[in-house]
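J.: predicted model, plus sequence, below.
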Protein chains: 2
Amino acid sequence: MKRTPFFLIAIACLLICSQSISYAADPLPSWNEGKTKQAIVNFVIKVSTAGSPDFVPVAKRIATFDNDGTLWAEQPMYVQAFFVFDRIKALAPQHPEWQTKEPFASVLKGDLQTALAGGENAVMEMVMTTHAGMTTGEFEQQVKDWLATARHPASKRPFTEMVYQPMLELLSYLRANDFKTFIVSGGGIEFMRPWAEKVYGIPPEQVIGSSIKTKFELREGKPVLVRLAEINFIDDKEGKPVGIHQHIGRRPIAAFGNSDGDLQMLQWIAAGSGTTFCLYVHHTDAEREWTYDRQSHTGRLDKGLDEAKAKGWTVVDMKNDWNVVFTK
Amino acid sequence: MKRTPFFLIAIACLLICSQSISYAADPLPSWNEGKTKQAIVNFVIKVSTAGSPDFVPVAKRIATFDNDGTLWAEQPMYVQAFFVFDRIKALAPQHPEWQTKEPFASVLKGDLQTALAGGENAVMEMVMTTHAGMTTGEFEQQVKDWLATARHPASKRPFTEMVYQPMLELLSYLRANDFKTFIVSGGGIEFMRPWAEKVYGIPPEQVIGSSIKTKFELREGKPVLVRLAEINFIDDKEGKPVGIHQHIGRRPIAAFGNSDGDLQMLQWIAAGSGTTFCLYVHHTDAEREWTYDRQSHTGRLDKGLDEAKAKGWTVVDMKNDWNVVFTK
């Protein structure tokens, strides 16, 4: 008789404990059970379990993530393109000549198709006009100010809320297992850094992206870095492994992307020694997000889809693998 | 009577504890007591003490260190120059034409003065011949192989032992106070990364340096990064704040250098908001190391010395501030 209460208490404790264990054991609640989620969890357990033949020391647990279409939405066009057009509108009063000068005239009329019809030259002109000429500190403030009020045209939500909840959980899960998480994006490095730490938990020194050159100057004795209208680095396609090597200096063991622009990054990681993990996010959810792959202008996933199949990389079926898409 | 033994034990415990506390309280044993050491300790305590008006959150505790002459010796010439000359000798059998072609012919005869007489063009030719054309993996191996056998001409010690013990303690002390420590060097980024983690505890992703361009290629389906004979970035003088911004993306709060090549880095850090710390290592010890400053070809410290005095930056008097110079 004396033993029974203790026994019951012990059972109760076990139940409570096992409940909290089971809660702690699902770090990816927005991911539906299935082979995609299992592949992620299996990889993380393998490389982070001491004594496992696939164990990877903490210093080498590096994971790289594309941004546009992998961590946040890239439709109907890249977020940074909205920034460019809005900045042109904001700067227009200082540039009366833009009323008749392409591509600016079309942007001011809201006719983005015509504005973009000028091709790469037109795009470069718009990018440099809005991204160069100021100090690095001034540009950072412009990005922050814009993000504070800009809204996605479809959802009317701030762009920094158009991020994928399952990917936020994945970032946290990797970091909880001592991974260092990096962004490796074709987007502007200085466009991402002002908000990546707050939104993704990724500090500026772990953001890799495209860049323009900057120049050190003393202005009345005060040092500034001035942004120049000259490309420094394009962190896309073949540029991604180059950018990774330049910034990180060793090969990551996991890479996450969503388009052919990420293919070389995934190839580079997959060719590393030891256990590696490559994942493509496939946009298959027309209701909650957008459906696009082989034919899309933004975020085309064609060669990458074939190579993922051939090499057994993990492909997220957004519609079926995610029970939530955007962060709440 | 009964109390006495316990009392004695308590006293003994206190003595033992206070001894270990006093040991733990000097994280910089190779630094002599004095204003230099005190300035370092004061800064670290100020920024890392919660509630202090100068407190800096961990994420912003970033410190950047020059390498040549700040962390390891740079006399009689940069270590990387020894590497260049030794590689030329190693490659000579594959280049019979070098026997009569400058600057290679002079290097092979051991006449470095004549080899360098060709100025910047000669230097670039020697650097590119020895640093480009191979994959990043091959180059890394060449650096490691060379360091395993190369010796400093004066001390006959491996170059990786020509590092300053007081600076190793300083790196550890900063990291113990949650600083992220970076190298920001004019030297080659890929020349430093293969050994910086082992020698300094600084991982590859926290090494910033000069670089040549690399190119992603698939060789028989296997991705490689090939090193090209084209300058990508010179991380010296005005380049240092640019490199810092490119890699780290926020302004460090402490910077350590030894030459005019570090001046712009120190200016950039000193101009940050909040409490900052700038330090110059002044080579004043002819017996244990070398004495050089305003007139030196390698590691000239002229303008920097004046600016340090004018701005109240900390200047290490190597002879008097350090009781040990090189690591044992």
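T.: Alright, I've got the coordinates.
J.: quick one: low-confidence ranges for the stretch 1-150 of chain A?
T.: Along the stretch 1-150 of chain A, segments meeting pLDDT under 70 span A:1-24.
J.: which residues of it lie near chain B?
T.: Within the stretch 1-150 of chain A, the residues that sit near chain B (C-beta under 8 Å from any C-beta of the partner chain) are A:A59, A:I62, A:T136. C-beta: built from backbone N, CA, C; applies to glycine.
J.: do that again at 7 Å, thanks
T.: Residues of the stretch 1-150 of chain A found near chain B (C-beta under 7 Å from any C-beta of the partner chain) are A:A59, A:T136.
J.: any idea where the strands of the stretch 1-150 of chain A begin and end?
T.: Assigned by DSSP state E, counting those that start in this stretch, the stretch 1-150 of chain A shows strands spanning A:62-65.
J.: all helices for it, in order.
T.: Using DSSP state H, counting those that start in this stretch, the helices found in the stretch 1-150 of chain A span residues A:3-24, A:35-48, A:79-91, A:104-109, A:112-116, A:119-131, A:136-149.
J.: could I get those helices as TSV with distance to B:K198?
T.: TSV is the format used below for the helices of the stretch 1-150 of chain A (distance: least, C-beta to C-beta, whole Å):
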stretch	distance to B:K198
helix A:3-24	36
helix A:35-48	22
helix A:79-91	40
helix A:104-109	53
helix A:112-116	51
helix A:119-131	40
helix A:136-149	34
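J.: now those helices in JSON lines, with mean neighbour count?
T.: Below are the helices of the stretch 1-150 of chain A laid out as JSON lines (neighbours: other C-beta atoms under 10 Å in any protein chain shown):
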{"stretch": "helix A:3-24", "mean neighbour count": "10"}
{"stretch": "helix A:35-48", "mean neighbour count": "17"}
{"stretch": "helix A:79-91", "mean neighbour count": "18"}
{"stretch": "helix A:104-109", "mean neighbour count": "18"}
{"stretch": "helix A:112-116", "mean neighbour count": "15"}
{"stretch": "helix A:119-131", "mean neighbour count": "16"}
{"stretch": "helix A:136-149", "mean neighbour count": "15"}
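J.: go through the ones you listed and name the closest to B:A176.
T.: Closest approach to B:A176 among the helices of the stretch 1-150 of chain A is made by helix A:35-48 (25.2 Å; C-beta to C-beta).
J.: am I right that A:G243 is in contact with A:I234?
T.: No. A:G243 is beyond contact range of A:I234, at 8.8 Å (criterion: C-beta atoms under 7 Å).
J.: the more surrounded of the two?
T.: A:G243 (26 against 15; other C-beta atoms under 10 Å in any protein chain shown).
J.: show me what the host helix or strand of the more buried one is packed up against.
T.: For A:G243, the host element (DSSP states H and E) is helix A:239-247. Here helix A:239-247 touches strand A:180-188, strand A:207-219, helix A:263-270, strand B:207-219, strand B:222-233, going by 3 or more C-beta pairs under 7 Å, 6 or more residues apart in numbering or on different chains; DSSP states H and E.
J.: want to throw these into TSV with distance to B:I269 and mean neighbour count?
T.: Compiled in TSV, these are given as follows (distance: least, C-beta to C-beta, whole Å; neighbours: other C-beta atoms under 10 Å in any protein chain shown):
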stretch	distance to B:I269	mean neighbour count
strand A:180-188	24	24
strand A:207-219	13	19
helix A:263-270	33	24
strand B:207-219	14	19
strand B:222-233	19	16
